[in-house]
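Participant: coordinates for the following, if possible.
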Amino acid sequence: MLLLALLLAAPPLPGEGRVSVRLETTYLQPEGDAVIRGGGAGLSLAYRLTDQLSAVGGASASLLWSLPADGGPRQMQRLTMLSAGLEAMLDSTPIAPFLELCLVRLLPGDVAGYSLATRLALGADWRFAAPFALGLGVRTLTPLDGAGGITSVPGTEVALRLTWLPRRVARAAKE
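Facilitator: Next up, the predicted model:
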């Protein structure tokens with residue numbers, strides 16, 4: 001299916017760059033309940049394969065607060081997430097909805113109870129100026145290596161992102 005989509009898709013529009021850079025701030029709740037939650041920031045890159053499909057990769061660092069099982073004050077823990085996957089832009093208007101599917105590595109894995117997850121995101125970017133877009137995405141994290149195996153109780157992440165979309169520089173013709 002993905003191969004068919006790549007074959008039928010159009011190339012990026014003339015003048016548009018293939019690479020975009022995203023700066024994100026997130027609220028993260030890696031488990032279904034609110035025992036562990038926090039916020040963080042990240043940076044990601046996207047490379048446009050076609051006019052609507054991009055390969056994406058990124059990293060983020062978060063501070064999570066958790067309630068100890070035996071009670072007591074909240075504890076602060078650090079969590080780093082590395083991700084890679086695909087993003088599909090569903091429409092190319094000033095407000096561009098997107099769907100993203102990534103594989104995510106969580107470091108250290110004991111903070112969330114798992115270290116590998118899939119991440120499905122749905123959101124939209126608003127292109128408010130020629131090289132910039134502001135977006136909001138809601139993501140689910142589905143653990144792949146948790147104590148109970150693959151679970152249907154996903155974690156949640158909400159991301160606010162600023163995207164820089166550099167324009168392609170026209171090359172001068174050689175004489």
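Participant: hey, where'd the strands end up in this protein?
Facilitator: With strands called from DSSP state E, the chain shows them at 19-29, 36-48, 53-66, 75-89, 95-107, 116-129, 132-143, 155-164.
Participant: dump the ones you listed into TSV; add mean pLDDT and mean neighbour count as well.
Facilitator: In short, each C-beta sits where N, CA and C put it, glycine included. Formatted as TSV, those follow (pLDDT from 0 to 100; neighbours: other C-beta atoms under 10 Å):
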stretch	mean pLDDT	mean neighbour count
strand 19-29	94	17
strand 36-48	95	18
strand 53-66	95	17
strand 75-89	95	17
strand 95-107	95	17
strand 116-129	94	17
strand 132-143	94	18
strand 155-164	94	18
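Participant: quick one: residues contacting L99.
Facilitator: Residues near L99 by C-beta atoms under 8 Å, 6 or more residues apart in numbering: 87-88, 90, 120-122.
Participant: typo on my end, L107
Facilitator: Here L107 is in contact with 79-82, 115 (criterion: C-beta under 8 Å, 6+ apart).
Participant: I'd like those laid out as a markdown table, including distance to P73.
Facilitator: Formatted as a markdown table, the contacts of L107 follow (distance: C-beta to C-beta, whole Å):
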| residue | distance to P73 |
| --- | --- |
| L79 | 19 |
| T80 | 24 |
| M81 | 25 |
| L82 | 30 |
| S115 | 26 |
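Participant: start to end distance for stretch 23-35?
Facilitator: 27 Å (C-alpha to C-alpha, to the nearest Å).
Participant: bridged to the residue lying closest to F128 once chain neighbours are set aside, which residues?
Facilitator: Excluding the flanking residues, the one nearest F128 by C-beta to C-beta, 6 or more residues apart in numbering is L134, at 5.9 Å. For L134, the beta-bridge partners are W126, L162 (DSSP bridges).
Participant: any idea how far L134 lies from L101?
Facilitator: Distance, L134 to L101, using C-beta to C-beta, to the nearest Å: 22 Å.
Participant: over to A84?
Facilitator: Distance from A84 to L101, by C-beta to C-beta: 10 Å.
Participant: and the residue nearest to L90 when sequence neighbours are not counted, what does it touch?
Facilitator: Once flanking residues are discounted, L90 sits nearest to P97: 4.4 Å by C-beta to C-beta, 6+ apart. P97 sits next to 89-91, 122-124 when contact means C-beta under 8 Å, 6+ apart.
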